[in-house]
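*Asks:* Below are the sequence and a predicted model for it; my questions follow.
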Amino acid sequence: MPQDALLTLADIACLSFIAFLFAQAVTHKLTDFNRFSGYVADYGLLPESLVKPASVMLIAAESATICLLVFPASKALGATLACFLLLTYSVGIGVNLMRGRTQIECGCGGARQFLSGGLLFRNAALVLIAGVPAVSRGLPPFPQTLELLAGIAAGLSLWIAYNLIDLLLAAAGHIRVTARKV
């Protein structure tokens, strides 16, 4: 496979993965908005009066990210916005870890997890993945159908693997919390 085709495949796979990830997160947040805004409040970074508006803005920004990722002309902007959101979430996690507040549910949209250094590592890996389409030279104007399908399938596979790993990390976190209580 030529190098250009591999780069195109990597670009589409990363775009697809990040789009699936943010679609999952938006769905989670919209499905139970009150619970999500409760997670935002639990972080203790905003006055109560700003929690709901900030929650709406986060959902809007994640939705915009998905829309921007879909179109080749705006995919770099969408990937950059994804990186910005992930880094913003990492700051919130980091601040609370420094405060010793680990019994907060992350509210990330996947398996239920409490704040930990592992979430910072995970977000760093996600920023790297989102960074690929943010800095790549761009997709061909019309990728071949096979390239497009292979890239989307690879992104979907990454997303499934990510969710499986997320479930394992969540289970490990719950085991640690339960062991501390015993």
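*Replies:* It's in. Note that the structure is predicted; figures quoted are calculated from it, not measured.

*Asks:* what's the nearest residue to A10 if we skip its chain neighbours?
*Replies:* Closest residue in space to A10, ignoring its immediate chain neighbours: V132 at 6.1 Å, by CB to CB, 6 or more residues apart in numbering. All C-beta spots, glycine's among them, are computed from the backbone N, C-alpha and C.

*Asks:* starting at the chain centroid, how far to the helix or strand that neighbour falls within?
*Replies:* Of the helices and strands defined by DSSP states H and E, V132 is found in helix 117-135. Centroid separation between helix 117-135 and its chain, computed with CA atoms, centre = their mean, to the nearest Å, is 8 Å.

*Asks:* how about the CA coordinates for that helix, as CSV?
*Replies:* As requested, C-alpha coordinates have been extracted for helix 117-135 and formatted as CSV (Å, rounded to 0.1, in the frame of the first residue of the first chain):
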residue,chain,number,x,y,z
GLY,A,117,-4.6,9.8,36.8
GLY,A,118,-5.6,7.1,34.3
LEU,A,119,-8.2,9.5,32.9
LEU,A,120,-5.5,12.1,32.3
PHE,A,121,-3.4,9.4,30.5
ARG,A,122,-6.5,8.4,28.5
ASN,A,123,-7.2,12.0,27.5
ALA,A,124,-3.6,12.5,26.4
ALA,A,125,-3.9,9.5,24.1
LEU,A,126,-7.2,10.9,22.8
VAL,A,127,-5.6,14.3,22.1
LEU,A,128,-2.8,12.5,20.1
ILE,A,129,-5.4,10.6,18.1
ALA,A,130,-7.4,13.8,17.4
GLY,A,131,-4.2,15.6,16.6
VAL,A,132,-3.6,13.4,13.5
PRO,A,133,-6.4,14.9,11.4
ALA,A,134,-5.7,18.3,13.0
VAL,A,135,-2.2,18.4,11.5
